[in-house]
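Student: have a look at this prediction, sequence included:
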Amino acid sequence: MKQFHLHLVSDASGETVSSVARACLVQFEGIEAIPHLWWLVRTQGQVERVVEGIEASPGVVLVTLMDGAVRGLLEEACRRLSVPYIPVLDPVMASLAGYLDADFGTQPGRQHALDAAYFQRIDAMHFTLSHDDGQMLHDLDAADVILVGVSRTSKTPTCMYLANRGLKAANIPLIPGMPPPPELFATKRPLIVGLTKEPKSLTDIRRSRLRFLSQAEESDYADPDRVREEVGMARKLFTQQGWPVIDVSRRSIEEASATILQLYIRRKGAPT
């Protein structure tokens with residue numbers, strides 16, 4: 001395993017530069033980054049501390065800094081130390097500025113400003129938390145998206161991801177021997193999506209869950225035949241209701257959520 005030092009430098013929370021680094025690093029096999037995180041870097045003194053860290057552990061420097069003076073100090077230090085200095089937003093900002101024939105601002109952390117979208121995400125998060133696992137059915141019609149599926153089909157984490165994108169997401173578990181709540185079928189506004197998973201994969205996940213809880217693995221909950229029956233009944237319900245279905249067996253939470261977002265946008269009639 002080849003290792004290298006990776007310095008992530010941001011004038012805000014570091015969310016953007018961290019996401020870019022993760023998206024790039026997964027494409028390299030046999031490579032492990034040793035991360036050094038430098039957040040809220042906005043003054044000369046803070047840059048000097050970053051430079052000291054780079055001198056101690058030379059490596060690649062990924063940067064999201066907007067202030068020209070702060071950027072200049074760090075760029076000059078990287079040149080002196082002969083380490084790569086990569087301002088990850090520059091190509092995008094320059095291309096946008098050229099296309100729009102407009103200047104861009106240099107306010108640090110501007111993407112985290114407390115605007116309407118921020119409060120929409122907070123509102124969505126509160127809604128999603130209170131409507132997890134079939135709770136608060138009385139106002140289910142206020143949801144943007146409702147996810148339906150048997151146990152361990154990633155309903156809750158997918159809902160939380162969608163909430164972070166500003167969608168009010170609820171989820172309804174399908175429980176063997178119990179009909180879905182009537183409120184689910186009475187809704188008109190939300191997009192309802194069925195989540196499913198391959199029975200073998202689902203069985204393995206449920207057995208791991210039982211081991212984690214120190215419970216017997218040989219139960220109906222993780223019995224392969226019962227799991228296969230559950231999945232089949234869920235798929236039958238989805239087909240009867242005409243709900244779109246997403247198989248999450250080989251999809252990450254992000255991939256499943258991206259598909260749901262596309263379905264939601266199309267349903268609203270907006271361009272994709």
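Tutor: Yep, that arrived.

Student: how about the helices in the stretch 151-272 of the chain?
Tutor: Under the criterion DSSP state H, counting those that start in this stretch, the stretch 151-272 of the chain contains helices at 155-164, 182-186, 199-212, 224-241, 253-268.

Student: of all those, which lies closest to residue 82?
Tutor: helix 253-268 (35.9 Å; CB to CB). The way it works is simple: take the backbone N, C-alpha and C, and place the C-beta from them, glycine included.

Student: got the angle between the closest one and helix 155-164?
Tutor: Computed by axes from the mean of the first three to the mean of the last three CA atoms, to 10 degrees, the angle separating helix 253-268 from helix 155-164 equals 60 degrees.

Student: with only the CA atoms kept, save helix 253-268 in CSV.
Tutor: Extracted C-alpha coordinates of helix 253-268, given in CSV (Å, rounded to 0.1, in the frame of the first residue of the first chain):
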residue,chain,number,x,y,z
ILE,A,253,-26.8,5.6,-0.5
GLU,A,254,-25.6,8.4,-2.7
GLU,A,255,-26.4,6.5,-5.9
ALA,A,256,-29.9,5.5,-4.7
SER,A,257,-30.5,9.1,-3.6
ALA,A,258,-29.4,10.5,-6.9
THR,A,259,-31.9,8.3,-8.7
ILE,A,260,-34.7,9.3,-6.3
LEU,A,261,-33.8,13.0,-6.9
GLN,A,262,-34.1,12.5,-10.6
LEU,A,263,-37.5,10.8,-10.2
TYR,A,264,-38.6,13.7,-8.0
ILE,A,265,-37.4,16.4,-10.5
ARG,A,266,-39.2,14.6,-13.4
ARG,A,267,-42.4,14.3,-11.4
LYS,A,268,-42.4,18.0,-10.7
